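>>> this one's structure only:
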């Protein structure tokens, strides 16, 4: 599959709230995930399907999603960008936040091999 096709599938699954299914079906076993910064709960960089699935489960368990939006994909060769906007409450603190981030995905051999997230840290 091309980056465009994988991007289309990723966006479709995310719009349906099937983020874990997207990881299971579209990501390579050795996928690398890079966040813009680390947190006490998660390092900035993680590798492997198990680690990436765990990170996503942690995020879902710790956030109540009030609204979610996914735009794209915006392809460029073997990469594509997806924009995510979320209105969430962080369950442990009760803090409500609006998140706006871009995900840059790299594709090789028909699978996502790297995801990198960009967002405001202000």
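The structure has been received and is ready for your questions. Since this is a predicted model, take the numbers as computed values, not measurements. Numbers count the residues shown, from 1 in each chain.
>>> Count residues in the vicinity of the spatially closest residue to residue 110 that is not a sequence neighbour, would you?
Excluding the flanking residues, the one nearest residue 110 by CB to CB, 6 or more residues apart in numbering is residue 1, at 4.6 Å. Yep, even glycine has a C-beta here, placed from its N, CA and C like the rest. Residue 1 has 13 neighbouring residues, counting by other CB atoms under 10 Å.
>>> The helix-or-strand element of the chain with minimal mean pLDDT: which residues count as buried?
Within the chain, no helix or strand scores below helix 49-62, which has a mean of 93 by mean pLDDT, DSSP states H and E. By 16 or more other CB atoms under 10 Å, the buried positions in helix 49-62 come out as 51-53, 55.
>>> which residues sit against it?
Outside helix 49-62, the residues within contact range by CB atoms under 8 Å, 6 or more residues apart in numbering are 19-20, 23-24, 27, 29, 31, 33, 41-42, 46, 90-92, 115.
>>> Could you tell me the angle between the helix or strand just after that helix and helix 49-62?
Downstream of helix 49-62, the next assigned helix or strand under DSSP states H and E is strand 63-76. Angle, strand 63-76 to helix 49-62, by axes from the mean of the first three to the mean of the last three CA atoms, to 10 degrees: 130 degrees.
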